[in-house]
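Novice: predicted model and sequence below, questions to follow.
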Amino acid sequence: MKPQFLLIGLGNVGVQYENTRHNAGFLAVDTAAKELQAGPWSDKPRFQSLIAETTIDGTPCFLVKPTTLMNRSGEAIRKLTDFYALNPIQDVLVCCDDIDLPLGTHRLRMSGGPGTHNGLKSIIECLGENFPRFRIGLGSQPTGMDLAAWVLSKMTSSEKKKLTPSLAYTITAMRKVREES
């Protein structure tokens, strides 16, 4: 299938990163995959990604989890957009965590800077700032705790429950991006 849209979740692959705060983007695309009854996840080394195929409202779509690790996410996304001749402004939605938004909230923006997010920095280096992003709020780290250690630590069941509405909103965010293009 040739995708007309990419729903991309940012995160880190590997058992040690499962259910960590920094993998909120992976959780978003996992939630979308379940709701959309996407095909199985397939490792696509050519694109440095895990990909599941689906459609949304008749549009062929790839759900994507870059396997490059967070700080090099842009490399994988660039390979996909170049190969399939997709326009990041209208054919891509990136889902990621955001420590500047309160836990359980989310925000959809059509462009902008990376803030403190290294995955978004990588994408901006590869594609520029003009791509939609769906940010999932984690809240800020506890006082005195190292930011990297906190985002790479496991979420509590209470935190994961508070993320549920934002994760469920992922497909709505995708539809909004499609409507605006």
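Specialist: The structure has been received and is ready for your questions.
Novice: which ones are touching Leu103?
Specialist: Shown in contact with Leu103 (Cβ atoms under 8 Å, 6 or more residues apart in numbering): Gly137, Leu138, Gly139, Glu159, Lys162, Leu163. The way it works is simple: take the backbone N, C-alpha and C, and place the C-beta from them, glycine included.
Novice: now for the residue lying closest to the fifth one once chain neighbours are set aside: which residues touch it?
Specialist: Among residues not flanking Lys162 along the chain, Gly104 sits closest, at 3.9 Å (Cβ to Cβ, 6 or more residues apart in numbering). Gly104 sits next to Gly137, Lys162, Leu163, Pro165, Ser166 when contact means Cβ under 8 Å, 6+ apart.
Novice: and those residues as a markdown table, adding pLDDT, secondary structure and neighbour count?
Specialist: A markdown table is the format used below for the contacts of Gly104 (pLDDT from 0 to 100; DSSP: H, G, I helix; E, B strand; the rest coil; neighbours: other Cβ atoms under 10 Å):
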| residue | pLDDT | secondary structure | neighbour count |
| --- | --- | --- | --- |
| Gly137 | 96 | strand | 20 |
| Lys162 | 96 | helix | 18 |
| Leu163 | 95 | helix | 23 |
| Pro165 | 95 | helix | 11 |
| Ser166 | 95 | helix | 26 |
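Novice: surely Asp43 and Val64 touch.
Specialist: No - at 11.8 Å, Asp43 does not count as touching Val64 under the criterion of Cβ atoms under 8 Å.
Novice: and for those two, which residues touch both?
Specialist: With contacts defined as Cβ under 8 Å, 6+ apart, the residues adjacent to both Asp43 and Val64 are Leu50.
Novice: more crowded one of the two?
Specialist: Neighbours around Asp43 and Val64, counted as other Cβ atoms under 10 Å, are more numerous at Val64. The numbers are 29 against 13.
Novice: phi, psi for the more buried one please.
Specialist: Main-chain torsions, Val64, degrees, to the nearest 10: phi -130, psi 130.
Novice: what helix or strand is the nearest residue to it once chain neighbours are set aside on?
Specialist: Distances taken as Cβ to Cβ, 6+ apart place Ile8 nearest to Val64, at 4.4 Å, with adjacent residues excluded. Element membership for Ile8, per DSSP states H and E: strand 5-9.
Novice: strand partners of that strand, parallel vs antiparallel please.
Specialist: strand 59-66 (parallel), strand 92-98 (parallel) (DSSP bridges).
Novice: how far away is the residue lying farthest from the centre of the chain from Gln16?
Specialist: Among the C-alpha atoms of the chain, the one most distant from their mean position (Cα atoms, centre = their mean) is that of Gly144, at 27.8 Å. Taking Cβ to Cβ, to the nearest Å as the measure, Gly144 falls 23 Å from Gln16.
Novice: dump the contacts of Gly104 to a markdown table, plus distance to Ala33.
Specialist: Converted to a markdown table, the contacts of Gly104 look like this (distance: Cβ to Cβ, whole Å):
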| residue | distance to Ala33 |
| --- | --- |
| Gly137 | 22 |
| Lys162 | 21 |
| Leu163 | 16 |
| Pro165 | 18 |
| Ser166 | 16 |
